[in-house]
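Visitor: Pasting a predicted model and its sequence here:
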Amino acid sequence: VTGDIAGFAAATFMRGIPFVQIPTTILAMADASVGAKTGVDLPQGKNLVGVFKQPELVLMDPTVLATLPLEEIRSGMAEVIKHGVIDAPDLFADLESGAGTVSSWWGGAGVIWLARTLRVKIDVVELDPFERGRRTVLNLGHTVGHGLERVSGFALRHGEAVGIGMVAAARIAAQLGRADPSLAGRISAALASWDLPVQCPPFDVERIWEAMTHDKKKQGGELRWVLPRDIGEIEIATTVPPKIVKAVLRDLGARRSQ
Ligand code: GLY
C-alpha cells in the first residue's frame, strides 16, 4: 500500500518525479514493488486509479523482514508460491517438498526463493510491461482472490485470498478438462505447508460472484481467467461458465445462496 501510494504520488506530482521503492514486506518484495504498477483503491474497488511508473531503483534488504509478523510472512509466501506455479517448477518443487517453514527463511532459503520469484516476475514484465498479453498470468488467483478480499471486508490478507484463488483456479481448470485434478491438491499442499488457508470462508457464493464481477461489469469488460494447466504452464480463458465457478466455490466451502 505504501509503495503504491508513493509511486502514484510520484507519477502524478508535477507530472512525474523520480522515486525509489524500498519494500519491507515479502508481499511487496515478491510482487508489488517490481513491475511499475502503481494504484490506489476507491470505495468502489481495488486499484481503480493508477498508472505505470517505473522506480529509479528497487532496494530490498531482506534483514528488515525479521520484524514482520508471522501472518505477513505467510501472506507474502502465497505470492512466492504463485510465481512458482506460473513459471518456476524448481521453486515450486522446493516449496511443496515440506521445506516451507518460517525457520527455513532465516536459514538462507528465503533469499534464494525471493531471487527466483523476482526472476519470474522480471521476465514476464520485460516481455509485456503494460499487460497487453502475457503479463496477465501474474494475476493467477486474483479473480477469486479479489472477490474474497472484498466480501471479507479486507479482513483476509491479500496473499491468503490469492492462495484460495489459486486453488479455485486449478479446480476450475480441472473441471474444464484443462488440468489434471491432482494439480489443485499440489497447490493446496504447498499453501498448507505455510499454514495458508486453502478453503473458501463460508461466504455466500452469490456475494463472491458479485464481488468478482462488479468492476468488470462497470468497465463493460469480461472476466479473464488465469488457469494453471500444470506447474509452469498457464492459460488465459474468458469463457468459463459461471455455474462451474460457483460449483467450485461451493466445493471449497462457500455457502449456497438461500
Ligand atoms: N501484481 C501483478 C502485476 O504486477 O502485474
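Guide: Arrived safely, thanks for sending.
Visitor: Which stretches in the stretch 51-200 of the chain count as helices?
Guide: All helices of the stretch 51-200 of the chain, identified by DSSP state H, counting those that start in this stretch, fall at 70-87, 89-96, 102-104, 110-127, 142-151, 158-175, 182-192.
Visitor: how much space between the spatially closest residue to residue 222 that is not a sequence neighbour and residue 165?
Guide: Excluding the flanking residues, the one nearest residue 222 by Cβ to Cβ, 6 or more residues apart in numbering is residue 238, at 5.3 Å. Just so you know, the C-beta spots here come from the backbone N, C-alpha and C atoms, and that holds for glycine as well. Going from residue 238 to residue 165 by Cβ to Cβ, to the nearest Å gives 17 Å.
Visitor: what about those two, which has more around it?
Guide: residue 165 (26 against 9; other Cβ atoms under 10 Å).
Visitor: Wait, the more buried one touches residue 139, no?
Guide: No - the criterion here is Cβ atoms under 8 Å, and residue 165 misses it with residue 139 at 9.3 Å.
Visitor: who are the neighbours in contact with the residue nearest to residue 22 when sequence neighbours are not counted?
Guide: Leaving aside its chain neighbours, residue 22 sits nearest to residue 59 (4.9 Å; criterion: Cβ to Cβ, 6+ apart). For residue 59, the contact set (Cβ atoms under 8 Å, 6 or more residues apart in numbering) comprises 20, 21, 22.
Visitor: And the pLDDT at the first one?
Guide: At residue 20, the model reports a pLDDT of 98.
Visitor: OK, contacts around it?
Guide: Per Cβ under 8 Å, 6+ apart, neighbours of residue 20: 55, 56, 57, 58, 59.
Visitor: Tell me the bridge partners for the fourth one.
Guide: Pointing back at residue 58 there. residue 21 (DSSP bridges).
Visitor: quick one on the thing from earlier: among the contacts of residue 59, which one sits closest to residue 40?
Guide: Taking Cβ to Cβ as the measure, residue 40 sits nearest to residue 21 out of the contacts of residue 59, at 15.5 Å.
Visitor: hmm, which helix or strand of this structure has the shakiest average pLDDT?
Guide: helix 102-104 (a mean of 70; mean pLDDT, DSSP states H and E).
Visitor: Flag the shaky bits of the chain, pLDDT-wise.
Guide: Scanning the chain for pLDDT under 70 picks out 98-102, 215-220, 258.
Visitor: centroid residue for it?
Guide: Closest residue to the average C-alpha location of the chain: residue 162 at 4.6 Å, with Cα atoms, centre = their mean.
Visitor: Name the residues of the stretch 101-250 of the chain found near the ligand, please.
Guide: 135, 138 (Cβ under 6 Å from any ligand atom).
Visitor: Smallest gap between the stretch 101-250 of the chain and the ligand, at which residue?
Guide: residue 138 (3.9 Å; Cβ to the nearest ligand atom).
Visitor: since we're on that residue, how many residues are nearby?
Guide: 24.
Visitor: mind listing what it touches?
Guide: 31, 35, 82, 86, 121, 124.
Visitor: What is the strand or helix carrying residue 47 packed up against?
Guide: Taking DSSP states H and E as the definition, residue 47 sits inside strand 45-52. When contacts are defined as 3 or more Cβ pairs under 8 Å, 6 or more residues apart in numbering; DSSP states H and E, strand 45-52 packs onto helix 2-12, strand 37-42, helix 142-151, helix 205-219.
Visitor: With respect to burial, which of those scores highest?
Guide: Ranked by mean neighbour count, the helices and strands packed on strand 45-52 are led by helix 142-151 with a mean of 24 (mean count of other Cβ atoms under 10 Å).
Visitor: Hmm, residue 194 is touching residue 74, no?
Guide: Yes - using Cβ under 8 Å, residue 194 is in contact with residue 74, at 5.0 Å.
Visitor: Now the common contact residues for these two.
Guide: With Cβ under 8 Å, 6+ apart, residue 194 and residue 74 have no common neighbours.
Visitor: one step back: taking the helices of the stretch 51-200 of the chain together, which one is wrapped up most tightly?
Guide: helix 158-175 (a mean of 26).
Visitor: Many thanks, have a good one.
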